[in-house]
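J.: coordinates only, sequence not included:
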């Protein structure tokens, strides 16, 4: 009998110790955290940090990156604290002076770093500054974390709830950026097996077309970041209602399953939910994390020199977003030449890629006609080629998209 009493006491004491451990800093810190905004903090009757102590400093006398761009992302600030690492959601991005271009060069150092915890002192290694950042834990309860850097105003974080599966197991992500006055114009297709296709133009450090393969770890990380954005519940368009930019920084993301577009989200100037904005970082910089194989433009068929497709019917237009056009570009690369006849229902508008000079020879495309499945390319009145996708792109991917009347400037 004494043995059973002793065993009971041993188990009871062990459980008490485990319960205490669950309330320790080591346990309470684990999870995803987001910095609270001024409005959110006002509702919680607490303090607000007006300065981000982890902000990446720009070198002097260097042209600034475009505001509201991923290169100079100020908000939102978030941390993922795990047992062996810390995920800085804005990413560690090193911006240095580039004397050759009289601008700046950008190097992605990843999102993850390591940290140390000693009682109420939290130290994380800042990859850009190449030093430890020491922060004092002013408060830590299950849903709130307050950190202070030296004598600065403390910053308050709210713990994000654990993600619940609420979307199909999509197997491909297409991500693109565009801005009329910005330099970082790119598109990337990321397959769940790690295969990527990338195109960069403007001032991107990689110009033209590339293919490569991401590591399994990085691929899984990118997909998980987007999964945490609750894709199923996202709107298709985000913009700041109280701020309209004449040159917005536009990011577009398409999610695919079995070669079908499940949803496309267009975000102007990072107005989308924080979890989606955080996912942009590893998607945008994925091309810097692996070895890329250059695809020579001269090796591409003439019809893959085109981008920015839209379907036009008389005075009406069916818009295609940048990522969707990149999908169509890839599908045209897989299409088969055919001699079959068809009845065109659309004129397909297009542009040549900026980094490809429009050829003036007999292969210059002057018009494209299509019914969604077949695509016939013309030089003047001469038929250059007809391609068969094997399926109707509009019916499969754009069936919920409404055709609209064209604006005067679009005609």
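T.: Here it is on my side, so go on. Owing to the predicted nature of the structure, the values given are computational and were not obtained by experimental measurement. Residues are numbered from 1 along each chain as shown.
J.: which residues of the stretch 1-150 of the chain fall in helices?
T.: 2-22, 25-28, 38-44 (DSSP state H, counting those that start in this stretch).
J.: For the shortest one, could you pull out the residues that count as buried?
T.: Yep, that's helix 25-28 we're talking about. Neighbour-count burial for helix 25-28 flags 25, 28 (criterion: 16 or more other Cβ atoms under 10 Å). From N, CA and C alone the C-beta is placed, and that goes for glycine too.
J.: what does that helix contact?
T.: 21, 117, 119, 120, 137, 140, 141, 142 (Cβ atoms under 8 Å, 6 or more residues apart in numbering).
J.: which of the residues in the top strand by length along the chain are buried?
T.: If you go by DSSP state E, the chain has its longest strand at strand 131-141. By neighbour count on 16+ other Cβ under 10 Å, the buried set for strand 131-141 is 133, 135, 137, 140.
J.: Enumerate every residue touching the nearest residue to residue 122 once chain neighbours are set aside.
T.: Nearest non-adjacent residue to residue 122, counting by Cβ to Cβ, 6 or more residues apart in numbering: residue 135, 4.6 Å away. By Cβ under 8 Å, 6+ apart, residue 135 lies in contact with 53, 121, 122, 123, 124, 147, 148, 149.
J.: quick one: which of these is nearest residue 257?
T.: residue 124 (36.9 Å; Cβ to Cβ).
J.: where does the residue nearest to that closest one when sequence neighbours are not counted land on pLDDT?
T.: Among residues not flanking residue 124 along the chain, residue 115 sits closest, at 4.2 Å (Cβ to Cβ, 6+ apart). Listed pLDDT for residue 115 reads 94.
J.: when you give positions from now on, start the count at 831
T.: With 831 as the first residue, the last one maps to residue 945.
J.: Against residue 1024, how distant is residue 945?
T.: 28 Å (Cβ to Cβ, to the nearest Å).
J.: any idea how far the residue nearest to residue 952 lies from residue 1134?
T.: Counting by Cβ to Cβ - residue 965 and residue 1134 are separated by 50 Å.
J.: how about the nearest residue to residue 1055 once chain neighbours are set aside, secondary structure?
T.: Leaving aside its sequence neighbours, residue 1055 sits nearest to residue 1109 (Cβ to Cβ, 6+ apart; 3.9 Å). Following DSSP: H, G, I helix; E, B strand; the rest coil, we place residue 1109 in the helix state.
J.: any idea how far residue 1109 lies from residue 1239?
T.: 33 Å.
J.: Give me the more crowded residue out of these two.
T.: Shown here are residue 1109 and residue 1239; by other Cβ atoms under 10 Å, residue 1109 has more neighbours (25 against 5).
J.: mind checking pLDDT for that one?
T.: At residue 1109, pLDDT is 95.
J.: Provide a list of residues in contact with it.
T.: Per Cβ under 8 Å, 6+ apart, neighbours of residue 1109: 1052, 1055, 1056, 1058, 1059, 1083.
J.: before we move on, what about residue 1141?
T.: 1147, 1148, 1150, 1176, 1177, 1178, 1200, 1202, 1224, 1233.
J.: For ChimeraX, write the select line for the buried members of these.
T.: Per 16+ other Cβ under 10 Å, the buried members of the contacts of residue 1141 correspond to this ChimeraX selection:
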select :1147,1148,1150,1176,1177,1178,1200,1202,1224
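J.: can I get the contacts of residue 1141 in CSV with secondary structure and distance to residue 1094?
T.: Formatted as CSV, these follow (DSSP: H, G, I helix; E, B strand; the rest coil; distance: Cβ to Cβ, whole Å):
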residue, secondary structure, distance to residue 1094
1147, strand, 16
1148, strand, 13
1150, coil, 9
1176, strand, 19
1177, strand, 22
1178, strand, 18
1200, strand, 20
1202, coil, 17
1224, helix, 14
1233, coil, 16
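J.: What is the nearest of the contacts of helix 855-858 to residue 1116?
T.: residue 947 (30.6 Å).
J.: what sits against that closest one?
T.: If you count contacts by Cβ under 8 Å, 6+ apart, then residue 947 has 855, 856, 859, 953 around it.
J.: returning to that earlier point: out of the contacts of helix 855-858, which comes closest to residue 1043?
T.: Taking these together and measuring to residue 1043 by Cβ to Cβ, the closest member is residue 947, at 36.0 Å.
J.: Could you report the distance from the closest one to residue 939?
T.: Applying Cβ to Cβ to residue 947 and residue 939 gives a distance of 22 Å.
J.: what helix or strand is residue 1052 on?
T.: Using DSSP states H and E, residue 1052 sits in helix 1046-1057.
J.: helices or strands next to that helix in the packing?
T.: Using 3 or more Cβ pairs under 8 Å, 6 or more residues apart in numbering; DSSP states H and E as the contact test, the elements touching helix 1046-1057 are strand 1002-1008, strand 1014-1021, helix 1104-1114.
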